[in-house]
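1. need a structure here:
(one chain, ligands or ions: 3)
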Amino acid sequence: MNNGSTRYPHVFAPLEFGFTRLKNRILMGSMHTGLEEAPDGFPRMAEYYAERARGGVGMIITGGFPPNAEGGAGGELATPAEARQHRLITQAVHAADPDVKICLQILHTGALAPTPDCVAPSAVKSRIGRYTPHALDDAGIEKQLADFASCAALAQAAGYDGVEIIGSAGYLLSAFMVRKTNLRTDQWGGPWENRMRFAVEVVRRVRAAVGERFIVIFRVPAMDMLDGGLAWDEIVSLGQALQAAGVSIISTHFCWHEAPVPTIATMVPRAAFSQVTGRLRKAVSVPVITSNRINMPAVAEMVLARGDADLVSMARPMLADPQFVLKADQGREDEINTCIACNQACLDHYFDGRQQVTCLVNPRACYETLLHYRPVAVAKRIAVVGAGPAGLAAATVAAERGHHVTLFEAGAEIGGQFNLARRIPGKEEFAETLRYFRRMIDKLGITLRLNTTVDAALLRAEGFDEVVVATGIEPRRPDIPGITHPKVLSYIDAILGRKAVGRRVAIIGAGGIGFDVAALVSQAGPSAALDVAVFSREWGIDFENHPRGGVTGVLPQVEKSERSVWLLQRKADALGKNLGRTTGWAHRMMLARRGVQMVGGVEYLKIDDAGLHTRVNGEPRLFEADSVIVCAGQLPLRSVYDGLQADGNRGQQAHLIGGAFEAVELDAKRAIDQASRLAAGL
Ligand code: FAD
Ligand code: NAP
Ligand code: SF4
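-> Ligands and ions are numbered 1, 2, ... in the order given. Got it, this is the predicted structure:
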């Protein structure tokens, strides 16, 4: 059954270019995965992209490849030998589906390149760059232009259908455009016509190198969020000049790595930035791509239908579910494993540099050649105890492989702690993961037994072949005098609203949950993640007038509850140090703007009617709190597993996963990954 074209007519309308054609309007946006530089990267990328091609996407843009050594962190495409390696990717994609187009992204990171040889228009060090770049002289500029053209020609020789040139985010081309990074007084600096010259010249050279029958996409900084960034008339004139220079498609980007505005995190409303693409689309005649927080087919259809764009780019949603487009086309959108914009396994891994990019909800992402969910020869009867993220992942992977799975859950609904997470303002997307698992339970014929608290005796009695224990955690209750005082709440009570929270709130513990609870109790009015107007007020964005950078430059107006909130920890370090690398700063900034006071170095002495008595860095301090919410970490809940162990094996193998296995530094990423890998081998 294919009903995508009736349900999502705009998404499934082909796009003609004369020399080529896109079969639908969804492209997989560029995501740097680290495989670009990895020794075994090419075969892995070939399968990673081929899987997405089989999943129905119209066009794929690869992760970024620098055109020369000074442009990035290795992995450049600068020689015919390097181009030959890329054939693995292009052949795999075209073999998977000849109608799918694949373009190579040329990424010159300029001052952000992690090499002392990095180059930029001027010797201005980026706050997040490692080195002060060398200012390019005339010969250096000529070399860069030639390298871009040569890289595009090599991409064409390697079998790509086109290239995307990234001209945004603070990388080389955009650094020419912005005054604070371009201090030149020659023909490449000063007035806007000069500052955009390099980008336009790159396109002209690339077009000359590849001829007319090759896709050239340019990613423009459509809203860079920089105080003093690009003005709207500059963006329009850039788009028009790029069009005249020969681009086939303009892609709008809403990002500058240093800008203090979240643009893709889960706290950003869906499709918040597409209206900007819509305005640019009116000023140019080539097709225009929009992006950012478009994670379901209905959202893509909506932005296309209202004329905001000709094409929709989705990067992280394609990590989360390679079959996204196919499922939309077949009316199976409720089976889409939705990207929840957490950044935990994709961008955080990339910027951290120590772990392979993958996806919290799909641990197979970027492991397509290594992690397989193969059908089983002999189906076993498997019990999974606990329907939190770990149990849900184990149950669905085991059932997908053909096992007979019974999933037991003590509560009245599936989800475990994700049912708490989804109630936090800015984490509403977490509900999508539970919708996905609910549908999979149904589709895969898993027997779900809710309201059933399991013990070892029940599991023995029912005679399962294997038992997976995913019973999660219990909150830690610190041993503070007065911890049983009526004003003390657990985070579960606070989030579920089981007990009223007063006007003055002290939160014990400032880990991920402490921060989330602080966000919840300091929230007033609608969640910014669900309301573009609130989001833009909170982050100082002016979508309507589009001042320079799109930001007002005045102190953002933050809506906050009337509560006084203290967020406390024992460590003397800065609070929130261990939050997500690419999102933690936004959480800290949001709470600070709401007046949440963050205090480290706290020793908890007692809780009584007066409040929470402490010593802060050795000095006595009373927090006159009406409510004390405990977010002091968690302990594994292992009674079921211990019961099974005590009872002896009796031919029924037991496995322990998720929080029940290890509560320290547990998160859903680790829980789902561990569960999926276990179930892949059952
Ligand atoms: P749980 O989610 O704790 O699930 C265990 C399940 O087992 C429960 O449903 C329980 O009822 C059931 N159970 C227990 N005993 C029995 C029994 N005897 N019989 C039957 N059923 C039983 N993680 C992230 O990665 N990113 C985030 O942004 C994030 N935000 C969070 C926000 C909040 C407010 C909270 C509370 C947690 C957040 N987490 C986040 C943490 C994440 O939710 C947990 O790491 C994850 O849920 C652990 O999964 P689990 O399956 O091991 O355990
Ligand atoms: P956590 O991150 O380990 O934080 C626990 C907090 O409690 C810390 O601030 C700790 O700091 C404090 N604490 C620990 N023992 C204590 C004690 N005995 N008495 C008083 N305070 C104590 O755990 P969590 O906040 O419960 O979160 C659980 C997991 O969920 C985390 O590992 C996290 O990864 C995940 N999560 C992630 C996100 C996210 O956005 N990625 C959001 C929520 C949750 P001190 O010891 O310094 O006081
Ligand atoms: Fe999306 Fe999170 Fe997966 Fe990244 S890790 S693709 S943000 S769900």
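2. Going by C-alpha atoms from here, please, whenever you check contacts or count neighbours.
-> Noted.
3. Go through the lengthiest helix in the chain and flag the buried ones.
-> The longest helix of the chain (DSSP state H) is helix 138-157. Neighbour counts over helix 138-157 (16 or more other Cα atoms under 10 Å) mark 141, 144-157 as buried.
4. measure E212 to F148 for me?
-> 17 Å (Cα to Cα, to the nearest Å).
5. Stretch 414-422 - what's its average pLDDT?
-> In this model, stretch 414-422 has a mean pLDDT of 98.
6. got a list of contacts for that stretch?
-> Contacts to stretch 414-422, defined as Cα atoms under 8 Å, 6 or more residues apart in numbering, come from residues 386-389, 392, 427-431, 434, 438, 450, 472, 492, 495-496.
7. mind listing what W188 touches?
-> W188 touches 121, 176, 194-198, counting by Cα under 8 Å, 6+ apart.
8. now those residues: which count as buried?
-> 121, 176, 194-198.
9. Could you tell me what pLDDT the model assigned to the residue in the stretch 351-500 of the chain positioned nearest to ligand 2?
-> Going by Cα to the nearest ligand atom, ligand 2 is nearest to P478 of the stretch 351-500 of the chain, at 4.6 Å. Note on P478: pLDDT of 97.
10. Check the secondary structure at it for me.
-> coil (DSSP: H, G, I helix; E, B strand; the rest coil).
11. Quick one: residues contacting it.
-> A632.
12. I'd like to know which of the buried ones among the contacts of W188 is nearest to V501.
-> Closest approach to V501 among these (Cα to Cα): F176, at 51.7 Å.
13. Show me what secondary structure element comes after the host helix or strand of that closest one.
-> Using DSSP states H and E, F176 maps to helix 172-177. Later in the chain than helix 172-177, the nearest helix or strand by DSSP H and E is helix 192-195.
14. how far is that following helix from where the chain is centred?
-> Mean-position distance between helix 192-195 and its chain equals 34 Å (Cα atoms, centre = their mean, to the nearest Å).
15. give the contact list for the residue nearest to G228 when sequence neighbours are not counted.
-> Spatial nearest neighbour of G228, chain neighbours left out: R548 (5.4 Å); criterion: Cα to Cα, 6 or more residues apart in numbering. By Cα under 8 Å, 6+ apart, the contact set of R548 is 226-232.
16. can you check G34 too?
-> Here G34 is in contact with 350, 356-357 (criterion: Cα under 8 Å, 6+ apart).
17. where's it relative to V57, distance?
-> In terms of Cα to Cα, G34 sits 22 Å off from V57.
18. now swap in R594 and tell me
-> 41 Å.
19. quick one: which of those two has more around it?
-> Under the neighbour definition other Cα atoms under 10 Å, R594 and V57 were set side by side, and V57 has more, 27 against 24.
20. Not counting its neighbours along the chain, what's nearest L448?
-> L407 (4.9 Å).
21. same question, C339
-> Per Cα to Cα, 6+ apart, closest to C339 is P317, 4.8 Å.
22. Helix, strand or coil: sort out the one you found for me.
-> What three-state DSSP gives for P317 is helix.
23. For R52, see how far away it is.
-> From P317 across to R52, the span is 11 Å (Cα to Cα).
24. same check, this time on V100
-> 10 Å.
25. need the residues of the protein near ligand 2, please.
-> Residues of the chain lying close to ligand 2 by Cα under 6 Å from any ligand atom are 478, 508-514, 569-571, 579-580, 631-634, 665-667.
26. pLDDT score for D647?
-> Value for D647, per-residue pLDDT: 73.
27. list the contacts for the residue lying closest to it once chain neighbours are set aside?
-> Among residues not flanking D647 along the chain, A456 sits closest, at 7.8 Å (Cα to Cα, 6+ apart). A456 makes contact with 640-641, 643-644, 647, according to Cα under 8 Å, 6+ apart.
28. Can you tell me how far the residue nearest to the spatial centre of the chain is from ligand 3?
-> Nearest residue to the geometric centre of the chain (Cα atoms, centre = their mean): N343, 3.2 Å. As judged by Cα to the nearest ligand atom, to the nearest Å, N343 and ligand 3 stand 4 Å apart.
29. so which strand or helix has that residue?
-> Judged by DSSP H and E, N343 forms part of no helix or strand.
30. Now do the same contact list for it.
-> 265, 580, 582-583.
31. A383 too?
-> Per Cα under 8 Å, 6+ apart, neighbours of A383: 405-408, 459, 464, 466-468.
32. Out of those, which sit inside helices?
-> Mapping the contacts of A383 onto helices (DSSP H) picks out L459.
33. Please dump the contacts of A383 into a markdown table; it should also carry neighbour count for every row.
-> Listed next are these as a markdown table, based on neighbours: other Cα atoms under 10 Å:
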| residue | neighbour count |
| --- | --- |
| V405 | 28 |
| T406 | 21 |
| L407 | 24 |
| F408 | 24 |
| L459 | 19 |
| F464 | 19 |
| E466 | 19 |
| V467 | 24 |
| V468 | 24 |
